[in-house]
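Engineer: Just a sequence and a predicted model for now, questions to come.
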Amino acid sequence: MPRKRCATGQDRPRHGGNIYSLAAELRIAQRKVLDFSASVNPLGISKKVKAEIRKALKFLPAYPDPGCTLLRRQLSKKTGVPDKNIMCGNGSTELIYLIARAIKPARALIAVPAFSEYERALSISGVKEITLFPIEEKDNFVLNIEGFVRKMRDADIAFLCNPNSPTGGVLSRDTVLSIVKQAAQCNCYIVVDEAFVDFVPQESISGEVCNNPGLLVLRSLTKFYALSGLRLGAMFFHDDISAALAANKEPWSVNTLAQRAGTTALSDKAYEAETFKYLRREKEFMEKMLRKHEIRFYPSKINFYLTRDERAPVLWQELRKRGIVLRDCSTFNGLNDNYLRIAVKTHRENALLFKNISSILRKNNHVTPK
């Protein structure tokens, strides 16, 4: 059943990707931390993007383009959405907070488990009632569409992550569009977070925003293009909400290097092709090794796996001692410390992870799967 909670100003929950605290804790160099907690393209930054960043250094004394003109133009070319219906941000997280400020909903609906910043952004913006709709394990972490749509009738805004993080589940484009259509009938805004959709581009609905006044689509350039440190995201929206978004947007939030890197990354077809080729091979390896170690994992078409195992707390803690960090999913609504999210990284790193898992399980042979 969906859960309701009063909006509160709770502390920011723990996220993945914090190599800095672990490096300090273990007194090792940050580069020696193996980070499987952040799901980023294992190929790293493309050569073309690195070259563009070097060229762009000479522009740093000047303020960045406040309108992200070239980047929005490239996003328009890639998605077919007019550039006037695109806004860029300091990661998609900035845009989540912007949506909450601009729309000012009284009641919100979030499909969970999902990114905790949806709830936090809504809470900070004064939303009084937030309903968490569970994507349940008994359904193999597939959203109950009928139940979610029914709850939209009592909401002013709904958040849906597709592909979902941390579960890795992907709803088809047609399914999401059916939800969008029913949201319109309920007069409910719907935010579809497509942070990982570049790994399954055929399922994106970003091109539909101009036909749906209540639809906002978020995209991240930090996952597929490995630009997490530069913080870069985009939002696609209808003309009707353009003025409200612009009125609540901070200026110069996207720096020059991020703009130039993003523009170049979006046009790098060779990097895109190599990414899909590499991931296909490494995902086969990851699944083989997870099965070998009797670690349950859920279907994933993207660059990470959600796993469940009663040995997870031991694995997580012991791997941390060795400088290897997985995503502890106990901070996600509906999950606990038996769940871990594991990113797909380079073959060397993936092999090293499972070598260490084997060692830990042998050492703790009293911990057996159920």
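Structural biologist: That came through fine. Residues are numbered from 1 along each chain as shown.

Engineer: Show me the contact partners of the biggest helix by length in the chain.
Structural biologist: The residue-count maximum for a helix in the chain (DSSP state H) belongs to helix 269-292. Residues outside helix 269-292 that contact it (C-beta atoms under 8 Å, 6 or more residues apart in numbering): 41-43, 46, 48, 199, 224-225, 265, 296-297, 300, 303, 305, 307, 342, 344-347, 350-351, 354. Yep, even glycine has a C-beta here, placed from its N, CA and C like the rest.

Engineer: Now, of the residues you listed, which are buried?
Structural biologist: 41-43, 46, 199, 224-225, 265, 296-297, 300, 303, 305, 307, 342, 344-345, 350, 354 (16 or more other C-beta atoms under 10 Å).

Engineer: Give me the subset of these that lies in helices.
Structural biologist: Short answer: the buried ones among the contacts of helix 269-292 in helices (DSSP H) are 265, 350, 354.

Engineer: Please identify which of those is nearest to residue 113.
Structural biologist: Among these, residue 350 lies closest to residue 113 (C-beta to C-beta), at 24.1 Å.

Engineer: ranges for the strands of the stretch 151-300 of the chain?
Structural biologist: Per DSSP state E, counting those that start in this stretch, the stretch 151-300 of the chain has strands spanning 157-161, 189-194, 215-220, 233-237, 296-297. These are given in chain order.

Engineer: packing partners for the first one?
Structural biologist: Right, the one you point to is strand 157-161. strand 107-112, helix 145-152, helix 173-185, strand 189-194 (3 or more C-beta pairs under 8 Å, 6 or more residues apart in numbering; DSSP states H and E).

Engineer: run the last query once more with 6 Å
Structural biologist: strand 107-112, strand 189-194 (3 or more C-beta pairs under 6 Å, 6 or more residues apart in numbering; DSSP states H and E).

Engineer: which one of the ones in helices among the buried ones among the contacts of helix 269-292 is nearest residue 132?
Structural biologist: residue 350 (33.2 Å).

Engineer: Need the residue closest to the centroid of this structure.
Structural biologist: Nearest residue to the geometric centre of the chain (C-alpha atoms, centre = their mean): residue 195, 4.4 Å.

Engineer: Spatially nearest residue to that one, not counting backbone neighbours?
Structural biologist: Residue nearest to residue 195 in three dimensions, not counting chain neighbours: residue 220, with 3.9 Å by C-beta to C-beta, 6 or more residues apart in numbering.

Engineer: Likewise for residue 341?
Structural biologist: Distances taken as C-beta to C-beta, 6+ apart put residue 327 closest to residue 341, at 3.8 Å, once the chain neighbours are dropped.

Engineer: how close does that neighbour get to residue 337?
Structural biologist: Between residue 327 and residue 337 the distance, using C-beta to C-beta, to the nearest Å, works out to 11 Å.

Engineer: Which one's more surrounded, these two?
Structural biologist: residue 327 (27 against 14; other C-beta atoms under 10 Å).

Engineer: hang on, isn't that one packed against residue 36?
Structural biologist: No. Using C-beta atoms under 6 Å, residue 327 is not in contact with residue 36, being 7.3 Å away.

Engineer: what about residue 116, how many neighbours?
Structural biologist: Count around residue 116 with other C-beta under 10 Å applied: 18.

Engineer: Over to residue 253?
Structural biologist: Neighbours of residue 253 using other C-beta under 10 Å come to 18.

Engineer: and it, what does it touch?
Structural biologist: Taking C-beta atoms under 6 Å, 6 or more residues apart in numbering, we find residue 253 in contact with 89, 90, 94.

Engineer: Grab the nearest non-local neighbour of it.
Structural biologist: Using C-beta to C-beta, 6+ apart, the closest residue to residue 253 is residue 90 (4.4 Å).

Engineer: Next: residue 247.
Structural biologist: residue 102 (7.2 Å).

Engineer: and the gap between residue 147 and residue 136?
Structural biologist: Residue 147 is 10 Å from residue 136, by C-beta to C-beta.

Engineer: Likewise for residue 238?
Structural biologist: Applying C-beta to C-beta to residue 238 and residue 136 gives a distance of 32 Å.

Engineer: how many other residues sit next to residue 288?
Structural biologist: For residue 288, using other C-beta under 10 Å, the count is 11.

Engineer: do the same with residue 216
Structural biologist: Taking other C-beta under 10 Å as the neighbour definition, residue 216 ends up with a count of 27.

Engineer: In contact with it, which residues?
Structural biologist: Residue 216 touches 191, 237, counting by C-beta under 6 Å, 6+ apart.

Engineer: Just list whatever residues bridge to it.
Structural biologist: Judged by DSSP bridges, the bridge partners of residue 216 are residue 191, residue 237.

Engineer: Just the pLDDT for it.
Structural biologist: Residue 216 carries a pLDDT score of 98 in this model.

Engineer: do residue 55 as well
Structural biologist: 97.

Engineer: Leaving out the residues flanking it, which one is nearest to it?
Structural biologist: Distances taken as C-beta to C-beta, 6+ apart place residue 260 nearest to residue 55, at 7.7 Å, with adjacent residues excluded.
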